[in-house]
Structures are given as structure tokens and as C-alpha cells.
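J.: structure, please.
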Amino acid sequence: MTSIILGIQPEINSHSLPELVSQAQELLVQIRQHPEFKGLRFDCDVAIGDVKQYFNYLQWAATADLEVSEFEGFAE
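T.: Reported below is the predicted structural model:
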């Protein structure tokens with residue numbers, strides 16, 4: 001089964017985890033700068049800055065060769 005999120009079909013095996021995290025970080029920057037996002041007014045438990053921090057840690061862990069499944073939210 002293949003998941004499609006926002007019309008983007010993931011190519012799981014074509015990129016390393018650090019590459020995917022880097023792409024996600026770039027998308028966060030684009031989302032944060034988008035005029036429609038800036039105009040939104042909603043209350044959320046998680047801020048974009050929190051997500052960015054999570055991806056920064058994930059990037060570090062992926063390049064440090066740690067066990068990713070040990071992170072919160074990655075339980076198998």
C-alpha cells in the first residue's frame with residue numbers, strides 16, 4: 001500500500017533519511033514564509049518551531065547512525 005500525502009507520492013527507497021529530513025526542513029521554511037500560512041490564525045499544540053527542532057534532532061540522529069525507532073513517535 002502506498003500513501004499519498006498532499007498529492008505527493010513518496011519514493012521511500014530513492015532517498016536516504018538525512019536527505020528526506022533535509023527536504024522536510026526546506027518545506028517547513030516554505031510553509032512558514034507562505035502568505036496563506038502567515039494569514040492563518042489557529043491554535044495548535046505544536047508550533048512550526050517545535051517541528052523544526054524535531055527535524056533538526058532527527059537529522060542529527062540520522063547522520064550519527066542512531067536507532068531512529070527509539071524516538072518518540074517512531075515506535076514499531
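J.: which stretches in this protein count as helices?
T.: Chain-ordered helices for the chain, with DSSP state H as the definition, fall at 17-33, 35-39, 48-63.
J.: can you count the residues close to the closest residue in space to residue 15 that isn't next to it in sequence?
T.: The shortest distance from residue 15 to any non-neighbouring residue, by C-beta to C-beta, 6 or more residues apart in numbering, is to residue 23 (7.4 Å). Bear in mind the C-beta positions are built from the backbone N, C-alpha and C, glycine included. For residue 23, the count of nearby residues is 12 (other C-beta atoms under 10 Å).
J.: swap in residue 58?
T.: 21.
J.: residue 55 now?
T.: Under the neighbour criterion other C-beta under 10 Å, residue 55 is assigned a count of 19.
J.: how about residue 21?
T.: 21.
J.: re earlier: let's have the helices of the chain in TSV, adding mean pLDDT.
T.: Supplementary listing: the helices of the chain in TSV, determined by pLDDT from 0 to 100:
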stretch	mean pLDDT
helix 17-33	90
helix 35-39	86
helix 48-63	86
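J.: the residue nearest to residue 15 and residue 37, how far apart?
T.: With distances defined as C-beta to C-beta, to the nearest Å, the gap from residue 23 to residue 37 amounts to 18 Å.
J.: now do residue 62
T.: Using C-beta to C-beta, we find residue 62 at a distance of 26 Å from residue 37.
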